[in-house]
Every structure is written in C-alpha cells, then in structure tokens.
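Visitor: Got a predicted structure here, sequence first:
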Amino acid sequence: MTDYTPEVQKLFLELMMQDAQSFVRVANIYNPENFDRTLREAAKFIQSHSAEYKTLPTHEQIKAVTGVELRPIPDTVEGHQEWFMKEFESFSRKEELSRAILKAADLLEEGDYDPVEKLIKDAVQIGLTKDLGTDYFADPHARIDKYFNSGGQVSTGWPQMDKILYGGFSRGELNIFAGGSGSGKSLVMMNIALSWLQAGLSGVYISLELSEELVALRTDAMLTSTGTKEIRKDIDTTELKVKMVGKKAGKYRIKALPAQSNVNDIRSFIKEYQIQTNNKVDFLMVDYLDLVMPVSVKVNPNDQFIKDKYVAEELRNLSQELNVLLVTASQLNRSAVEEIEFDHSHIAGGISKINTADNVFGIFTSRAMKERGRYQIQCMKSRSSTGVGQKIDLEYNIETMRITDPGEEGQESNNSGYKPAASILNSIKTTTTLNPTTGLPQAKDGWALEKDIAPPPGSSLESNKLKQMIAGLKAKSE
C-alpha cells in the first residue's frame, strides 16, 4: 500500500483503540504529526491521555474532546493486527521521510548542509522494534564466543596493555588517549597504527593537526628503525625498506583534513577511498577529537563540554557504522600539568567525552622520562575490563620514535617510571638490629663481632680484616 488516505489513517486509530497492545507496540514510531489534519487532534489526545493516565481513552472521551468519532471494530483477529503493524510502520516511515525532505530543502536554501544527511537517515530508519535482544540462557557458548571472536579484541602491539584490556581493542568502540601538549598523543596513535599494519590490517589516519608528509615521515622512522636525520641522508634505503614491509603489511592511507572538520567529512572521505581503491578499512585513527566539530547540533567552539559530547557520540557511532577499530586523542587540561596520577577531572572539556568512550588512557611522560626512554600509559576508564587505575611502562626510542613494550620484567616496581628518593635512600642505608638482651648491636651476615661490639656504621668485613692485619703487624714489630 502506498496511498494512506484519511480513511486508512482513521482505521489505524480505530485498530489501536480496539487493542491496547497494538498501541504499545507502535509507541516508538507513533507521531501525531504524521496524521491528516482532520485526525491530528484525536491522535494527540490518545497519546497524551495514555502517557498521563496509563490507559487509552474511551471512544466517548475522544469524541467529546476532539470531535472525531472513532468506531469500535468487533471481531478482529490476529491477521488484522499483523496487517496493521506492517502498514502502520510503512505509513510512519513515509510521512517522516516526506517531512524530512521538506525540512532538508529549507536547510539547503539556507546553506546549512550538515544536518541534511542525518535528517534523511533518521527518517529512513524509522521502524518497529523487532530485535528482542539476547536470550541469556539459550546458548551461553555462542554468545560468549560472539563477544570474544566476532571482530573483537585486536592486539595493540603492547602485550601489557592487551593484558589490561583482556586482549586488546574491539571494533565499534571509541578509544581515547589523553595527554598534555607535546606528550606524544600522535606518536602513540602512529605506533598503534603501525602495529596493526604489520599484523595485516588496513586503515586510515585522519590528521587535523599534522601534515600528511610529517605523519608519513614519522611512520618511516618507526618502521625502518631509522632516525629522521638519517632518513634524509639516505632516502633510497628508506624507500626500499618501506616497500619491502609494504608487501606483507595492510593498506595505509594518510589524509589531512582542516581543523573544525566534522564526522560527515571523515565519513565521506572513507566512502570515497573505499570506492576508488576497493580497499577495506579495518581501523581509523582520528588525530584528534578536540579539533572535530559536531554535525547534529550547532555549538560554539568555545563550549567544549557540549561540543565534545556530541563529537564523541558521533565518532563512536561512526566506528559502529563502519565496524572499525577507532582510536583518537584528547588534551589534558592545565590542572594535569603537575600531576603524575590522572583522573577524569584532568580531561579538557570535562567528563562528557569520557562518558561516551569505551576506553580512556592518560599519557604520562616528561623530559627526564623521554631521555631515559620511558613512556607511561595510565588506564582511566575501561568498559570491557577491570584495568582502571593500572599503569603500563613502555620503552621509547627517541631517535626512531618507536614505542615498545619491555614486558613484565621491564615494568617499574611502583609503576610510575620513577623511584622515590626515600626508597632509594632506604635501599642503600646500613641498618643495625639491636640485641634485645644486651641492647647492643647484633651481628649481621659478614660481620665478625667480638664481645658484642658492632663495627661502626658503614663498615664491612673487608675493613675489619684490614684492621686486624695492621694490629698484627704492630704486635710483631714490638
């Protein structure tokens, strides 16, 4: 059916009045604005009455309030309700789409193009709820296997991080690395991208800050284990190494977009790239979230809390739509400058983007740590694991900018990349234990005490022997 006349629309209302369950089942797509003007007031009254009083109004109430007379339909059978469900869904989609097209035309006249796609897409997706979710007891093995193996858990390239995440990142999730200015947010993303490329995955790196050439040059250094200064001296060798790795690695595209681009710009590029190259996209790196503007609403760029909330939601929706691994970054605010332990209050723009993200990591480093070849990643949020609060120390090659996992034996004892001065002092101090009976120092391993007299603090076995030898020589000379 394509022609939904006022008589057909009136029949929809009469069938809903006949069976309250039918009204409840279509409540998520029921919109009084979709009905003909002669029936709109009756449709509004049915909706408001059921919302306020939790029951449908009577036919008499509807006639008294709106002047519309709806007739009872006796002897309805199951087939009537099935017809109603199918046709009402089609009717609602058609009316919503028609209204969206008219509104889109107005937006196009005003030059406001960004919301148009969402308007049309939302209208097309109007439909009844048919997916009843997961039956918990039906097939435990299948649902567990689906969670862990249906495109999920892809290694980050850092085993210690994979351990915290129970295997790695998953497709359809939003993963954020937060760090201060110059902390290496882009480097962390490039290193993860390189690990995925070497694992055979293909992806796209979107940069809203760095040039395509700089991102590529840094990747050259990481991939060839060669500093950028050395690359400049021997470009031919670098080219050979890159091409050799490229034969076994996935496809990789680097694209610079202007700051203030939005998710529609990113989506359009991905689609165009896939059409022109016929390459799949397994992962998407967006460098970085704070420079992206929302599509669904117009906000002041200075209102970072609202802006980042919508951008985070749109990026996460994009990762689910494309079924890709998505990693982005965000700034830490000024309050994090002197901190070595990060929490949600240190994220620029507030908690809005953290609420949406699946995994959030803080990047802690300093000049001293970089010189020592150390980076630290702190888990600030994880939906899929219990890793919140855990820290991972990574090795950093200052020449090639490659960040690697030293393994468990390479982790600092206090997981901070530093040992407190007090701990170092205590570890080299000479400690003395007193004899509880005499009150004098007790002998320690390596000490040969006589008459319960301990050697002076800081002395050792060798110094005692030396004193005994000198005393012996003096005795002989006398």
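Guide: Looks like it came in fine.

Visitor: Need the distance between the two termini of stretch 57-71.
Guide: With C-alpha to C-alpha, to the nearest Å as the measure, stretch 57-71 spans 13 Å from end to end.

Visitor: Any idea how many residues pack against residue 102?
Guide: Residues within reach of residue 102, counting by other C-beta atoms under 10 Å, total 9. In this view, the C-beta of every residue, glycine as well, is placed from N, C-alpha and C.

Visitor: same thing with residue 268?
Guide: Residues lying near residue 268 (other C-beta under 10 Å) number 13.

Visitor: Using CSV, write down the CA coordinates of whichever strand or helix holds it.
Guide: Following DSSP states H and E, one finds residue 268 within helix 263-277. Extracted in CSV, the C-alpha atoms of helix 263-277 (Å, rounded to 0.1, in the frame of the first residue of the first chain):
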residue,chain,number,x,y,z
VAL,A,263,32.3,13.4,11.2
ASN,A,264,30.5,13.7,7.9
ASP,A,265,33.7,14.9,6.3
ILE,A,266,35.5,11.9,7.7
ARG,A,267,32.7,9.5,6.6
SER,A,268,32.7,11.0,3.1
PHE,A,269,36.4,10.5,2.7
ILE,A,270,36.3,6.9,3.9
LYS,A,271,33.5,6.1,1.5
GLU,A,272,35.3,7.8,-1.4
TYR,A,273,38.5,6.0,-0.6
GLN,A,274,36.8,2.6,-0.4
ILE,A,275,35.0,3.2,-3.8
GLN,A,276,38.1,4.4,-5.6
THR,A,277,40.6,1.9,-4.3
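
Visitor: What is that helix packed up against?
Guide: strand 203-207, strand 252-256, strand 283-287, helix 304-322 (3 or more C-beta pairs under 8 Å, 6 or more residues apart in numbering; DSSP states H and E).

Visitor: What residues sit buried inside that helix?
Guide: Going by neighbour count (16 or more other C-beta atoms under 10 Å), the buried part of helix 263-277 is 263, 264, 265, 266, 267, 269, 270, 273.

Visitor: Ok, stretch 228-236 next?
Guide: So for stretch 228-236, counting by 16+ other C-beta under 10 Å, buried means residue 231.

Visitor: same thing with stretch 395-402?
Guide: 396, 400, 401, 402.

Visitor: that older thread, could you dump the helices and strands packed on helix 263-277 to JSON lines with distance to residue 386, mean neighbour count and mean pLDDT?
Guide: Below are the helices and strands packed on helix 263-277 laid out as JSON lines (distance: least, C-beta to C-beta, whole Å; neighbours: other C-beta atoms under 10 Å; pLDDT from 0 to 100):
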{"stretch": "strand 203-207", "distance to residue 386": "28", "mean neighbour count": "23", "mean pLDDT": "96"}
{"stretch": "strand 252-256", "distance to residue 386": "33", "mean neighbour count": "18", "mean pLDDT": "96"}
{"stretch": "strand 283-287", "distance to residue 386": "25", "mean neighbour count": "24", "mean pLDDT": "95"}
{"stretch": "helix 304-322", "distance to residue 386": "22", "mean neighbour count": "20", "mean pLDDT": "90"}
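
Visitor: so which of the ones you listed gets nearest residue 138?
Guide: Between residue 138 and these, the shortest gap by C-beta to C-beta is with helix 304-322, which sits at 24.3 Å.

Visitor: tell me which element the closest residue to residue 108 other than its chain neighbours is part of?
Guide: Excluding the flanking residues, the one nearest residue 108 by C-beta to C-beta, 6 or more residues apart in numbering is residue 116, at 6.7 Å. Residue 116 belongs to helix 114-124 when assigned by DSSP H and E.

Visitor: mind giving me the domain split of this protein?
Guide: 6-124, 147-410, 433-478 (automatic domain parsing).

Visitor: Deepest-packed of these, please.
Guide: domain 147-410 (a mean of 18; mean count of other C-beta atoms under 10 Å).

Visitor: quick one: the helices in the stretch 301-450 of the chain?
Guide: Assigned by DSSP state H, counting those that start in this stretch, the helices in the stretch 301-450 of the chain fall at 304-322, 352-356, 367-371, 421-428.
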